[in-house]
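S.K.: 3D model of this:
(one chain, ligands or ions: 2)
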Amino acid sequence: MAKQSFDKRIKETPADDDREVAVILKAVMPGDPSVKLGGVDPVAEIMALADTAGLRVVSAVLQKRDRPHPGTYVGRGKLEELKQEAERVGAHVILVDDPISPAQGRNIEETTELRVVDRSELIMDIFARNARSHQAKIQIELAQLQYFQSRLTRMWTHLSRMEGGEVGTRGPGETQLETDRRIIGKKISVLRNRLVQIEKQAHTQHKSREGSFRIALVGYTNAGKSTMLKRLTGADVLIENRLFSTLDTSTRKWDLDVPFDVLLSDTVGFIRKLPHDLVASFHATLMEAREADLLLHIIDASSLTIEFDIESVNRTLSRIECDEHHTLMIFNKLDQVADAQLIDLQHLLAEHGDSFAVSAADGTGIEKVIEHILGIAQLREERGEYQLPHSRSDLAARLRTLATVEREEFLDDGIFLEARFESGQKARWEKALREAGLLPPISS
Ligand SMILES: Nc1nc2c(ncn2[C@@H]2O[C@H](COP(=O)(O)OP(=O)(O)OP(=O)(O)O)[C@@H](O)[C@H]2O)c(=O)[nH]1
Ligand SMILES: [Mg+2]
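M.R.: Ligands and ions are numbered 1, 2, ... in the order given. Prediction:
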């Protein structure tokens, strides 16, 4: 974005705006969408993140580079320019649009004499602000502590190397670091234990959902996952034109015409360079996607960086072992797609099998998606567990003709069988059982 437009932002900001003023620092590298695509603002996304985090961005200092400078992230000269720009606009914070190393952070901090926040810290800050449930709060606290701990460890190695690392030369600073590490380590293990407890409870809940068909909404943040959940199930969920509005999984029953429950879950959104510690600590929340029978990958079709968005979601899905899941690609916000983008959208639809163009907001194209999902749900395998009296081995034989019996145990009081059915066969089998008086009749 041109410096001029930032100057305009400074002028237009009301005097009573008491948000912290930030200047963005960004090394624009070859993988960046703005390098590969024309018309993409290299700082649009970090500005949206900053806005969500309550910062007021008034300027940006960019440098084209092949890779970040290992010590200073950008070149020394650029850092001087950053210092002057930060002074000119009266900045409080330097916002770096990448995860940076402690050494890079320290050098930028020393040059500008300002607080430095990197992309990972900013994303985690937003998560911390938006966390509502007990679980989300613990997950984000754990992620922040782990991130902090990994940096502390690196800082510590750096310091001990600087001081020659001689045995027996422990200064008070080092002792303090060790104490910090011990306290943080302890806190991390307390939080981990609490999460394990919460996950155990969730596991019991998941067990009760066995037998139902589970669908999870996944996708880039702000793509319209929650809007889609509302459109399909009528659920009253939080929908906002902000990043990371949803941090907790919410699961709703979806009334589809199939003889089993269909559950639809909304999940946390993804973004480019999603911090590793966040993915790790949101393990339980992301479990919803891992255990789903079907994923709906919701894409903002009006995004200028659509292919990058898809790619980064796919990368995160593979990090959480969901890349092999049956997935429908749902290109959303069709009502907002500019005419010039329609051809690209056609190509993307042709390129991805099982893909749809919809508007979750006005309902366009939704019927087709529902029909398709219904088809998949009807085709799915069904499972069942039964106990038959020893006298009815004829029924056990019948079950073997209708299904694949995966487990069979002869107990004192009968035969236990676990079976996997093809579509429709379970209903037939249970009808036979009912006629034999071995299952309660369906109340009409
Ligand atoms: N024009 C238009 N806007 C939409 C559509 N679907 C969603 N939106 C808007 O996009 C914004 C984000 O929608 P959400 O449903 O909150 O998106 P999300 O994917 O759940 O986002 P996070 O939970 O923050 O990751 C909101 O302002 C929605 O009103 C659509 O089909 N058309
Ligand atoms: Mg949402």
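S.K.: What distance do you get for Ile376 to ligand 1?
M.R.: 22 Å (Cβ to the nearest ligand atom, to the nearest Å). (Glycine included, C-beta is placed from N, CA and C.)
S.K.: which ones are touching that residue?
M.R.: Counting by Cβ atoms under 8 Å, 6 or more residues apart in numbering, Ile376 touches Leu294, His326.
S.K.: let's have the chain start at 562 instead
M.R.: Shifting the count to begin at 562 puts that one at Ile937.
S.K.: Secondary structure element for it, which one?
M.R.: helix 927-940 (DSSP states H and E).
S.K.: can you pull the buried residues of the next helix or strand after that helix?
M.R.: Using DSSP H and E, the helix or strand that follows helix 927-940 in sequence is strand 943-949. Residues of strand 943-949 classed as buried: Glu943, Gly945, Tyr947, Leu949 (neighbour count, 16 or more other Cβ atoms under 10 Å).
S.K.: for stretch 788-806, same thing?
M.R.: Applying 16+ other Cβ under 10 Å to stretch 788-806 flags 788-794, 796, 798, 800, 804-806 as buried.
S.K.: re the thing from before, can I get the buried residues of strand 943-949 in a markdown table including pLDDT and distance to Glu849?
M.R.: Formatted as a markdown table, the buried residues of strand 943-949 follow (pLDDT from 0 to 100; distance: Cβ to Cβ, whole Å):
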| residue | pLDDT | distance to Glu849 |
| --- | --- | --- |
| Glu943 | 78 | 21 |
| Gly945 | 85 | 24 |
| Tyr947 | 92 | 29 |
| Leu949 | 93 | 35 |
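S.K.: okay, which residue of this structure is out on the far edge from center?
M.R.: Seen from the C-alpha centroid of the chain, the residue lying at the greatest distance (Cα atoms, centre = their mean) is Ser952, 52.6 Å away.
S.K.: Strands of this protein, residue ranges please.
M.R.: Ranges of strands in the chain, per DSSP state E, are 581-589, 616-625, 654-657, 676-679, 774-780, 811-815, 823-827, 855-861, 888-893, 916-918, 943-949, 964-972, 975-982.
S.K.: returning to what we had before: of all the buried residues of strand 943-949, which two lie farthest apart?
M.R.: Put simply, by Cβ to Cβ the two of those set farthest apart are Glu943 and Leu949, 18.2 Å from each other.
S.K.: Give me the pLDDT value at Gly719.
M.R.: Not quite, residue 719 is His, not Gly. We have a pLDDT of 49 for His719.
S.K.: and what of the one 3 residues further on?
M.R.: Confidence at Arg722, expressed as pLDDT, is 47.
S.K.: and stretch 923-930, how far from the chain's centre?
M.R.: Centre-to-centre, stretch 923-930 and its host chain are 24 Å apart (Cα atoms, centre = their mean, to the nearest Å).
S.K.: now that stretch: mean pLDDT?
M.R.: Averaging pLDDT along stretch 923-930 gives 97.
S.K.: Show me this protein divided up by domain.
M.R.: 564-688, 693-767, 771-940, 943-996 (automatic domain parsing).
S.K.: Just give me the lowest mean pLDDT stretch among these.
M.R.: Ranked by mean pLDDT, the domains of the chain end with domain 693-767 at the bottom, a mean of 75.
S.K.: circling back to that earlier point, relative to ligand 2, which of the strands of the chain is closest?
M.R.: Nearest of those to ligand 2, taken as Cβ to the ion: strand 823-827 at 5.9 Å.
S.K.: Run through the neighbouring helices and strands of the closest one.
M.R.: Secondary-structure packing of strand 823-827 (3 or more Cβ pairs under 8 Å, 6 or more residues apart in numbering; DSSP states H and E): strand 774-780, helix 786-794, strand 811-815.
S.K.: Let's see that strand as CSV, backbone CA atoms only.
M.R.: Provided in CSV are the C-alpha atoms of strand 823-827 (Å, rounded to 0.1, in the frame of the first residue of the first chain):
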residue,chain,number,x,y,z
VAL,A,823,-26.2,-36.0,11.2
LEU,A,824,-24.0,-33.7,13.2
LEU,A,825,-22.4,-30.5,11.8
SER,A,826,-19.5,-28.9,13.6
ASP,A,827,-18.1,-25.4,13.2
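S.K.: coming back round to it: determine which of the strands of the chain approaches ligand 1 most closely.
M.R.: When the strands of the chain are compared by Cβ to the nearest ligand atom, strand 888-893 sits nearest ligand 1, at 5.0 Å.
S.K.: Please see if the closest one touches ligand 2.
M.R.: No - Strand 888-893 stays clear of ligand 2 (Cβ under 5 Å from the ion), getting no nearer than 12.0 Å.
S.K.: Pairing partners for that strand, with directions?
M.R.: Strand pairing for strand 888-893, determined by DSSP bridges: strand 855-861 (parallel), strand 916-918 (parallel).
S.K.: ok so, going back, could you provide the strands of the chain in a markdown table, with additional columns for distance to Gly998?
M.R.: Below are those laid out as a markdown table (distance: least, Cβ to Cβ, whole Å):
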| stretch | distance to Gly998 |
| --- | --- |
| strand 581-589 | 72 |
| strand 616-625 | 69 |
| strand 654-657 | 71 |
| strand 676-679 | 68 |
| strand 774-780 | 29 |
| strand 811-815 | 31 |
| strand 823-827 | 30 |
| strand 855-861 | 36 |
| strand 888-893 | 42 |
| strand 916-918 | 46 |
| strand 943-949 | 12 |
| strand 964-972 | 20 |
| strand 975-982 | 14 |
